[in-house]
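In: Generate a structure from the sequence data that follows.
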Amino acid sequence: MKCVSCGMTIKGKPIREQIGNEVYHYCCRDCLEEELCRRDKPLRKAFRPRSRRKGIASSTGRGFPSREA
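Out: Here you go, the predicted structure:
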């Protein structure tokens, strides 16, 4: 599980915040306070997990080399 503010892997018990149907996890109070302060006006892009299927090649528009024997 990763912190939604800094993206670090959470070790131990996370701080949970529920807004509507979504639950957010933070690694420390500093991350929670930072997120609360910048919720209406983001200072930087918050960490959002990417799909595991995306790789460097897919983000650059090049396909993976095919295996030809």
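
In: Every contact and neighbour count from this point should use C-alpha atoms.
Out: OK.

In: Keeping just the C-alphas, turn the one helix or strand residue 34 maps to into CSV.
Out: Taking DSSP states H and E as the definition, residue 34 sits inside helix 29-37. Listed next in CSV are the C-alpha coordinates belonging to helix 29-37 (Å, rounded to 0.1, in the frame of the first residue of the first chain):
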residue,chain,number,x,y,z
ARG,A,29,0.7,13.1,9.9
ASP,A,30,2.8,15.4,7.7
CYS,A,31,1.4,13.9,4.5
LEU,A,32,-2.1,14.0,5.9
GLU,A,33,-1.7,17.7,6.9
GLU,A,34,-0.1,18.6,3.5
GLU,A,35,-3.0,16.9,1.7
LEU,A,36,-5.6,18.7,3.8
CYS,A,37,-3.9,22.1,3.1
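
In: tell me which residues of that helix are tucked away?
Out: The neighbour-count criterion (16 or more other CA atoms under 10 Å) identifies 31, 32, 35 as the buried residues of helix 29-37.

In: what do you get for stretch 5-12?
Out: The neighbour-count check on stretch 5-12 (16+ other CA under 10 Å) flags 5, 6, 7 as buried.

In: Could you do stretch 15-31 as well?
Out: 25, 26, 27, 31.

In: so of the residues you listed, which ones are in helices?
Out: When DSSP state H defines the helices, the subset of the buried residues of stretch 15-31 inside them is residue 31.

In: would you list the buried residues of stretch 15-31 in CSV and tack on distance to residue 15?
Out: Shown next, in CSV, are the buried residues of stretch 15-31 (distance: CA to CA, whole Å):
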residue, distance to residue 15
25, 6
26, 5
27, 6
31, 10
